[in-house]
Structure formats: structure tokens, C-alpha cells
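A.B. asks: 3D, please:
(one chain, ligands or ions: 2)
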Amino acid sequence: MSTETKCNPDLVRERAKCTFDVNELINLFYGSEKATKERRHFEDAVLAVKELKDAIPEEYLSHKERYENGVRKATILRDVYRDYKAKHNRDPPPNQITKAVIKDISPFLLHNGMFVPTIAGQGTPEQQAEWLPKAESMQIIGTYAQTELGHGSFIRGLETIATYDPKTEEFVLNNPTLTSFKWWPGGLGSTVNHCVVVAQLYINGKSHGIHPFIAQIRDLDTHKPLPGVKVGEIGPKMGFQTANNGFLGFDNFRIPRKNMLMKNAQVLKDGTFVKGINEKLTYGTMVMVRVGIVGDCSFYAALAATIAVRYSAVRHQSHIKASEPEAQILDYLTQQHKLFIAVASSHVYRNAYLWMEKMYTNVMKELSQDKQDNLPELHATACCLKAVCSRDAGSLVEECRLACGGHGYMASSNLPLTYGVTIAAVTYEGERTVLLLQTARYLMKAWMAALKGKVLSPSVSYLLNSLKESKKPWQNTPEGIVKGFQHVSFGKVKAAYETIQKYMKQGKDYEDAWNLASVQLVKASEAHSRAILCEVSWEAVCSSSASPNLSRVLQQLAQLYLTYWTLETSGDLLLYSNITKDDLIILRDKYEELLVAIRPNAVGLVDGFDLRDEILNSTLGSYDGRVYERLMEEALKSPLNQETVNSSFHKYLKPMMEKAKL
Ligand SMILES: CCCCC/C=C/C(=O)SCCNC(=O)CCNC(=O)[C@H](O)C(C)(C)COP(=O)(O)OP(=O)(O)OC[C@H]1O[C@@H](n2cnc3c(N)ncnc32)[C@H](O)[C@@H]1OP(=O)(O)O
Ligand SMILES: Cc1cc2nc3c(=O)[nH]c(=O)nc-3n(C[C@H](O)[C@H](O)[C@H](O)COP(=O)(O)OP(=O)(O)OC[C@H]3O[C@@H](n4cnc5c(N)ncnc54)[C@H](O)[C@@H]3O)c2cc1C
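C.D. replies: Ligands and ions are numbered 1, 2, ... in the order given. Modelled structure (predicted):
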């Protein structure tokens with residue numbers, strides 16, 4: 001963290017006002033004092049590498065240069081990770097320092113994030129022994145190639161074909177149509193030489209569904225595509241410019257039998273297909289990544305909030321009272337309304353992520369003992385939390401950007417890029433609506449079980465309680481609000497179920513009735529997610545080991561989240577809970593009181609995310625608050641400012657002006 005020697009005086013004053021120990025918050029947020037120390041130590045090691053610093057901002061580079069610079073830095077970063085591991089005999093601690101180096105998305109994201117985990121999760125011990133050492137040491141570089149031009153959401157509809165040839169004991173990979181071409185995989189464009197390819201398995205003309213295969217697609221020495229492989233990059237996008245997303249097609253491309261990842265299903269030498277215990281285990285990597293995305297949402301909300309809150313403390317505009325100097329924009333209640341929800345949401349997502357991570361670890365342990373009972377709950381919960389947190393986080397980042405006025409539109413604020421990256425998660429790893437409908441399937445089943453009085457899984461057990469408690473009066477307490485959100489979810493689940501029944505009674509089949517009820521089903525899933533987020537985050541705050549000073553502020557943040565969403569969804573609460581208009585007025589006042597109570601700690605709270613200037617990468621959000629100086633310094637880096645007169649003057653402007661005289 002930078003020193004306060006040249007700090008903007010407003011920020012110095014803000015920090016002096018803070019009522020809690022910022023270091024305590026940092027340690028709590030990241031797990032412990034030791035975790036903070038180790039993370040900072042690793043970040044120091046990365047930032048000490050001079051070659052990782054960019055000479056000019058990436059925005060001035062061409063698409064190609066930007067990618068090449070990304071690969072250059074990703075390889076150096078990889079060395080730092082390797083050296084750390086060799087020295088400390090363990091992986092570096094969880095950190096976000098890649099953001100300080102790559103800024104956008106690493107071309108190795110899919111290698112580390114999905115290629116290696118898929119081998120680990122879907123490979124047999126022999127396959128793991130063969131591929132993991134090479135992949136983990138980067139002797140080979142891979143990606144996860146599932147989505148195609150024609151299909152992303154509906155993966156049973158994928159068209160890439162893997163036909164088993166028992167004579168040679170090989171699979172023959174083919175992409176028979178344009179729509180079957182793989183499209184999107186990160187790193188595929190020009191970086192990787194291997195990939196996990198998800199393809200339809202055919203044996204003796206019979207389809208056996210989709211399975212993961214490892215294919216080497218480029219020569220390890222020349223990096224040229226191997227014969228039978230057509231591969232390239234898909235071009236510029238809204239964000240993810242350095243992720244190197246690519247396309248891929250195979251033409252009678254052969255891979256050995258052992259390259260089908262066979263932890264779940266197997267193909268024996270003679271072509272016998274051995275089914276796995278549950279074909280959905282093939283989707284396992286996606287579940288893992290969806291859980292991780294909830295944690296990413298916490299980071300992006302924290303990053304945007306840090307930039308916007310610090311900027312709002314430094315920025316003065318207009319007067320609250322005519323007799324007083326221009327106010328810090330952070331003093332406007334409307335600004336607090338825009339920003340504090342981002343601070344609060346980052347904590348909520350963090351707690352939800354930790355809760356989901358525990359659920360994931362438990363289910364993985366159970367699966368290793370062939371126990372699958374809790375897999376549907378894990379899948380349903382990961383789907384809806386990923387869907388809701390990513391959409392909300394995208395909106396929060398955009399709100400933080402707008403809250404920075406014109407300067408928020410500058411690339412150098414880092415808010416436009418952050419928005420592009422955050423919002424991508426609404427689509428990748430399962431499109432939002434599609435995932436919410438997966439959760440709705442689970443909710444409908446849970447509802448039917450509730451009607452029969454059966455015991456429900458913990459995350460939906462409130463459906464049974466709500467059935468019993470629906471007559472109890474509303475309570476204006478955090479616990480009462482949590483119950484209120486559960487009642488809303490209960491009401492929406494019930495309504496969606498009854499709508500399906502209504503259509504079926506009218507003669508529709510279940511699928512059509514489902515489609516006709518699907519707007520309600522999506523809303524029921526959203527309400528279920530909100531109930532989980534509220535319950536989990538409130539419980540986390542209540543059971544935290546924080547000191548009284550910090551605990552007070554964390555409770556304020558959690559209550560802000562609960563109250564914000566109560567007011568945002570008041571119509572639903574009026575419909576489905578026993579809240580009254582008077583309760584809503586009390587809560588509106590409470591919300592405004594919370595904004596005022598949080599205000600003195602706003603800067604301390606974002607300092608508590610402990611995001612270094614290099615990670616923030618923002619002219620507006622740095623620790624010292626030198627906003628205007630940085631804006632000018634960055635502007636002066638523009639290539640257009642490296643010459644007094646640009647050649648376009650002589651080529652175009654002057655001739656135009658002279659023509660105009662004639
Ligand atoms: C490191 C960060 C990298 C970020 C870069 C991005 C990478 C990517 O985007 S990779 C590509 C990601 N792609 C997707 O996420 C595709 C989304 N689609 C799906 O996951 C599936 O197609 C589906 C789940 C939407 C539907 O699958 P389908 O086979 O058609 O299943 P049904 O709808 O018929 O449901 C059957 C049954 O299976 C259960 N189920 C589905 N998925 C899972 C799962 N992962 N785990 C456990 N169970 C699962 C589902 O709940 C149904 O159960 P029942 O209701 O009991 O029948
Ligand atoms: C930045 C980024 C990185 C990515 N990286 C990878 C990667 O590394 N590897 C990889 O394999 N893939 C990757 N993807 C692809 C990604 O996983 C898919 O784009 C995603 O799963 C959505 O699928 P789709 O594009 O087919 O959307 P579609 O399904 O075509 O969605 C279009 C619309 O149709 C609606 N829709 C579709 N099906 C239904 C339904 N059943 N019911 C109701 N509505 C429906 C959706 O709600 C949406 O509104 C990436 C995508 C992005 C944006």
C-alpha cells in the first residue's frame with residue numbers, strides 16, 4: 001500500500017475519520033493476517049519484475065500487438081509463479097495481481113482455469129499422470145473447447161463428432177458443418193497447442209452423448225496447425241481482447257483412444273461403451289468455474305467501488321449549502337446510494353462464494369465415495385448464484401462508472417474495461433436465463449416434494465417453513481427481511497408451479513406449459529438466489545470474529561444490502577409477504593440512515609479491499625487520490641501528443657480548408 005506522504009488532503013481526512021481498523025478488515029476479508037502477508041509478499045514479487053510493466057497503455061496498441069504483449073507478460077508471470085512454488089514449496093496464495101500485469105484477460109486463463117482442472121476432474125489416474133505434469137509445467141498449453149458457432153447453451157446439441165475406430169483404437173474427430181466449428185475457447189486463436197474438445201461420441205454408428213477428448217492441435221516446435229486442423233482467432237470483442245478466443249474445426253483428425261478423458265464413461269479397446277454413474281459428471285468443470293465466478297464478482301464489485309468511492313471523496317462539485325465550499329460528491333446521498341451498494345455487494349458475494357466453495361468441496365468428497373445425493377443441489381445453487389451475481393456485479397460496475405461522471409468514460413479510469421470483463425460472465429459458463437431455468441427445474445422438484453411433506457435439501461428447506469409460517473406478521477429486522485425474501489421465493493415458486501399446472505389443465509403438454517411459465521420460473525430462481533444471498537451474508541456477519549468496531553460497520557453493510565433489495569423489490573414483497581406500506585416507509589428511512597452511517601467509513605471500507613494501485617490501474621482510484629494529475633499524465637501518453645502537428649493536417653485538413661476558400 002502506498003504511503004500517505006503526497007496524498008490528496010480529502011483522502012487523508014477521510015482516513016482519519018474511519019471508526020474501525022482497516023487492517024483488521026483486510027485480514028478478515030482475505031482470511032487471516034498470515035494470508036494478507038503472504039498475498040502482499042507475492043504481489044511485491046510480481047510487481048518487482050520490471051519487464052511486466054507496460055511502456056504505454058495497452059489501448060494504444062493494435063489488436064495484434066496487444067495480444068503479443070499479453071502473451072509476453074503471461075509467460076513472465078508464469079515464471080514468477082514457478083519460482084515462488086519452487087522456493088516456498090506451495091502455490092502462490094490467492095491473489096488478483098494478474099490484473100496489474102495483463103489488465104484485460106490472460107491468454108492462459110483457460111489453460112489454468114479449465115484445461116488443467118478438466119484433466120484433473122475428468123481424467124483417470126493414468127491420464128492425470130500422463131497429462132497433468134506436462135500441463136502444469138506448461139510443456140503443453142491447452143484450452144476448453146466446448147461451444148460451437150451453432151450451439152453454446154444446449155450442449156447436448158453440439159455437432160463435433162468423435163467416431164471410434166476399433167481397428168486402429170483411435171477416435172476420428174470431425175466438424176461436418178460450419179455450425180459445428182468450435183467458437184470462443186480462450187487461447188485457441190494463436191496460443192494453445194492442446195485442447196479438451198467436447199464432442200459427440202459415436203461407436204458403430206450409435207451415439208453415446210457428449211464426452212471430453214484431449215487433442216493436440218498444433219505442432220509443439222513450429223506451432224503450425226497439425227494436418228486436419230483448421231484453427232484461428234475470432235476477432236475483437238466487447239472485452240477479453242487479450243484472451244485470444246478462437247475457432248477450431250477438425251477434418252478426419254485422429255487421436256488415440258487414451259485421449260478420451262475416461263474417469264466417468266469409458267470406451268474399451270473393442271469399442272464397448274461403459275456408462276459412467278452419472279452422465280452429468282461430464283459437466284463438472286463448468287460447476288467448478290460457476291462457483292469461482294461468484295468470487296470474481298466480489299472482486300469486480302470491490303475494484304469498481306474502490307475507484308468510484310476514492311474519486312468521489314476527491315471530486316468536488318456544486319454546493320449542498322450555498323454558504324459552504326463546493327461539496328465532495330461523496331456527500332450527496334444520491335452518490336452514496338449509487339456506491340455503497342457496490343461495497344456491500346462485494347462482501348455479500350465474498351461470503352456467498354465461501355459458502356458455495358464449502359458446498360462444492362463437500363459434494364466433490366461425496367462423489368469420490370460414489371454418493372451423488374447432493375449434486376443436484378450444488379448444480380442448482382451454482383447456476384442461480386452465478387447468474388444473479390454476475391448480472392448484478394455488471395450493473396454495479398456500470399453504476400460506479402456512471403457515478404464518476406465524464407472521467408468514468410475515460411479508458412484510463414479502468415471502468416469501461418472492467419465493465420466489459422465483468423458483464424462477459426453473464427454469458428460465459430452458462431447464459432444467465434438458461435442457468436436460472438436449470439435452477440427452476442430444481443425448485444419445481446423441491447416444491448412437489450414440499451407438497452408431499454418430504455424433507456428438503458438445506459438450501460430449499462425454507463420452502464417448507466414458509467408453507468407453515470405464511471400467516472406470521474412481518475418483522476423489520478434483518479432476520480425478518482431474510483424471511484421476507486424466502487416468502488417471496490416461496491410465493492414465486494408456488495405461482496410458477498401453479499401456472500404450469502394451469503396450462504397443463506388447458507391441455508398443454510409439460511414442455512409447452514414450462515415454456516409458457518418460463519418468465520415466472522426465471523423470476524422464481526432470481527428470488528431464490530436473493531433469499532440465499534441475504535441469508536448467507538447475514539449469517540456470515542453475525543458469526544464473524546470481528547471486533548465490535550468492525551462488526552458494527554459490517555452489519556451496517558449487510559443491512560444496507562438487505563434494505564436496498566427490500567426497497568428494489570417492494571412490489572414482490574407486498575405481493576408475497578406480510579410487509580405493509582408502513583413497514584416499507586420505515587425501511588426507506590432506515591436505508592437512508594444506513595447511507596449516512598456508512599458515509600464516514602466509505603474510504604476506509606474500500607481501503608479494506610486492499611487493492612493496490614497497480615491492480616486498480618485507474619487514474620481515478622489510486623490510493624493517493626492524485627486524480628487530476630494522473631488524468632493529465634495519462635493523456636500525455638497518447639501517441640497523438642508525441643508530435644506537435646499530426647500529418648493528417650497536411651494531408652486532409654489543410655487541403656480541405658484551402659478548397660473551402662475557392
Ligand atoms: C476460468 C474462467 C473461464 C471463463 C471462460 C468461459 C468458458 C466457457 O464459457 S466454457 C463453456 C460453458 N458452457 C456452458 O456453461 C453451457 C451451458 N449449458 C449447460 O451446462 C447444459 O447444456 C445445461 C445444463 C443448460 C442443460 O444440459 P442438458 O444435458 O440438456 O440437461 P437438461 O436440461 O436436460 O437436464 C438434465 C438433468 O441434468 C441436470 N444437470 C445439468 N447440468 C448439471 C451439472 N453440471 N451437474 C449436475 N446435474 C446437472 C439437470 O439439473 C437435470 O436434472 P433433472 O431435473 O433431475 O433431470
Ligand atoms: C467472453 C466469453 C468467453 C468464452 N469462453 C469460452 C471458452 O473458453 N470455451 C467455450 O467452450 N465457450 C466459451 N464461451 C462461450 C459461452 O460459454 C457461451 O457463449 C454461453 O454458454 C452462451 O451460449 P450461446 O452463446 O450459445 O448463447 P445462446 O444460447 O444462443 O443465447 C442466446 C439467447 O437465447 C436464449 N436461450 C437459449 N436457450 C434457451 C432456453 N433453453 N430457454 C430460454 N432461452 C434460451 C438465451 O437466454 C439468450 O437470451 C465464451 C463466451 C464469452 C462471451
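A.B. asks: Stretch 239-246 and ligand 1, are they touching?
C.D. replies: No - using CB under 6 Å from any ligand atom, we find that stretch 239-246 stays clear of ligand 1, coming within 7.8 Å at best. For glycine as for every other residue, the C-beta is placed from the backbone atoms N, C-alpha and C.
A.B. asks: anything in that stretch near ligand 2?
C.D. replies: Yes - using CB under 6 Å from any ligand atom, stretch 239-246 comes into contact with ligand 2 via 240, 245.
A.B. asks: And that stretch, how far out from the chain middle?
C.D. replies: Distance of stretch 239-246 from its chain centroid, counting by CA atoms, centre = their mean, to the nearest Å, is 16 Å.
A.B. asks: And for that stretch, what's in contact with it?
C.D. replies: Contact with stretch 239-246 is made by 58, 63, 66-67, 69-71, 102-107, 109-110, 143, 182, 184-191, 231-234, 237, 417, 419-421, 423-424, as judged by CB atoms under 8 Å, 6 or more residues apart in numbering.
A.B. asks: Among these, name the ones in strands.
C.D. replies: Mapping the contacts of stretch 239-246 onto strands (DSSP state E) picks out 143, 182, 231, 232, 233.
A.B. asks: who's in contact with the last one?
C.D. replies: It refers to residue 233. 188, 189, 190, 244, 245, 246, 247 are the contacts of residue 233 under CB under 8 Å, 6+ apart.
A.B. asks: what helices or strands is the strand or helix carrying residue 520 leaning on?
C.D. replies: For residue 520, the element it lies in under DSSP states H and E is helix 518-542. Helices and strands touching helix 518-542, by 3 or more CB pairs under 8 Å, 6 or more residues apart in numbering; DSSP states H and E, are helix 333-368, helix 375-403, helix 432-451, helix 478-505, helix 548-568.
A.B. asks: Buried subset of the contacts of stretch 239-246, written for PyMOL?
C.D. replies: In PyMOL, the members of the contacts of stretch 239-246 classed as buried (16 or more other CB atoms under 10 Å) are selected with the following command:
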select buried, resi 58+66+67+69+70+71+102+103+104+105+106+107+109+110+143+182+184+185+186+187+188+189+190+191+231+233+417+419+420+421+423+424
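A.B. asks: one step back: just say which of the helices and strands packed on helix 518-542 is most tucked in.
C.D. replies: helix 375-403 (a mean of 24; mean count of other CB atoms under 10 Å).
A.B. asks: Output the contacting helices and strands for it.
C.D. replies: Checked by 3+ CB pairs under 8 Å, 6+ apart, helix 375-403 has helix 284-314, helix 333-368, helix 415-424, helix 432-451, helix 518-542 packed alongside it.
A.B. asks: if we can go back for a sec, among the helices and strands packed on helix 518-542, which comes closest to residue 34?
C.D. replies: helix 333-368 (17.0 Å; CB to CB).
A.B. asks: Now do the same contact list for the residue of the stretch 51-200 of the chain found nearest ligand 2.
C.D. replies: The nearest approach of the stretch 51-200 of the chain to ligand 2 comes at residue 152, 2.4 Å away (CB to the nearest ligand atom). Shown in contact with residue 152 (CB under 8 Å, 6+ apart): 146, 184, 431.
A.B. asks: The closest residue to the last one other than its chain neighbours: neighbour count?
C.D. replies: It stands for residue 431. Excluding the flanking residues, the one nearest residue 431 by CB to CB, 6 or more residues apart in numbering is residue 153, at 5.3 Å. For residue 153, the tally of surrounding residues (other CB atoms under 10 Å) stands at 13.
A.B. asks: now residue 153, what's its secondary structure?
C.D. replies: coil (DSSP: H, G, I helix; E, B strand; the rest coil).
A.B. asks: Correct me if wrong: it contacts residue 430.
C.D. replies: Yes - counting by CB atoms under 8 Å, residue 153 touches residue 430, with 7.3 Å between them.
A.B. asks: Near ligand 1, which residues of this structure? Just list them.
C.D. replies: Counting by CB under 6 Å from any ligand atom, the chain sits next to ligand 1 at 109-110, 113-114, 144, 146-147, 153-156, 186, 280, 283, 286-287, 289, 375-376, 379, 428-430, 434, 438, 441.
A.B. asks: and the residue of the stretch 51-200 of the chain nearest ligand 1?
C.D. replies: For the stretch 51-200 of the chain, CB to the nearest ligand atom, closest residue to ligand 1: residue 113, 2.5 Å.
A.B. asks: For that residue, give me its contacts.
C.D. replies: 289, 292.
A.B. asks: Tell me the one of the ones in strands among the contacts of stretch 239-246 nearest residue 550?
C.D. replies: After measuring the ones in strands among the contacts of stretch 239-246 against residue 550 - CB to CB - the closest member comes out as residue 143, at 42.1 Å.
A.B. asks: Now the helix or strand residue 597 falls within: buried residues?
C.D. replies: For residue 597, the element it lies in under DSSP H and E is helix 581-598. Buried residues in helix 581-598, counting neighbours by 16+ other CB under 10 Å, are found at 583, 584, 587, 590, 591, 594, 595, 597, 598.
A.B. asks: before we move on, what about stretch 624-640?
C.D. replies: Result for stretch 624-640 [16+ other CB under 10 Å]: buried residues 624, 625, 626, 627, 630, 631, 634.
A.B. asks: if I pick the residue nearest in space to the middle of the chain, what's in contact with it?
C.D. replies: For the chain, the residue sitting closest to the mean C-alpha position, by CA atoms, centre = their mean, is residue 293 at 3.3 Å. Going by CB under 8 Å, 6+ apart, residue 293 touches 386, 389, 390, 425, 429.
A.B. asks: For the residue of the stretch 201-350 of the chain found nearest ligand 2, grab phi and psi.
C.D. replies: Per CB to the nearest ligand atom, residue 240 is where the stretch 201-350 of the chain lies closest to ligand 2, at 4.4 Å. Per-residue torsions, residue 240: phi 60, psi 30 (degrees, to the nearest 10).
A.B. asks: What of residue 248?
C.D. replies: According to degrees, to the nearest 10, residue 248 has phi -160, psi 130.
A.B. asks: Test my guess that it contacts residue 187.
C.D. replies: No - Residue 248 is beyond contact range of residue 187, at 11.2 Å (criterion: CB under 8 Å).
A.B. asks: ok so, going back, how much space between the residue of the stretch 51-200 of the chain closest to ligand 2 and residue 146?
C.D. replies: Relative to residue 146, residue 152 is positioned 8 Å away (CB to CB, to the nearest Å).
A.B. asks: can you check residue 312 too?
C.D. replies: With CB to CB as the criterion, residue 312 and residue 146 are 42 Å apart.
A.B. asks: if we can go back for a sec, of the buried residues of stretch 624-640, which is the nearest to ligand 2?
C.D. replies: For these, the nearest to ligand 2 is residue 634 (26.4 Å; CB to the nearest ligand atom).
A.B. asks: Pull the contacting residues for the closest one.
C.D. replies: Applying CB under 8 Å, 6+ apart, the residues contacting residue 634 are 57, 410, 412, 619.
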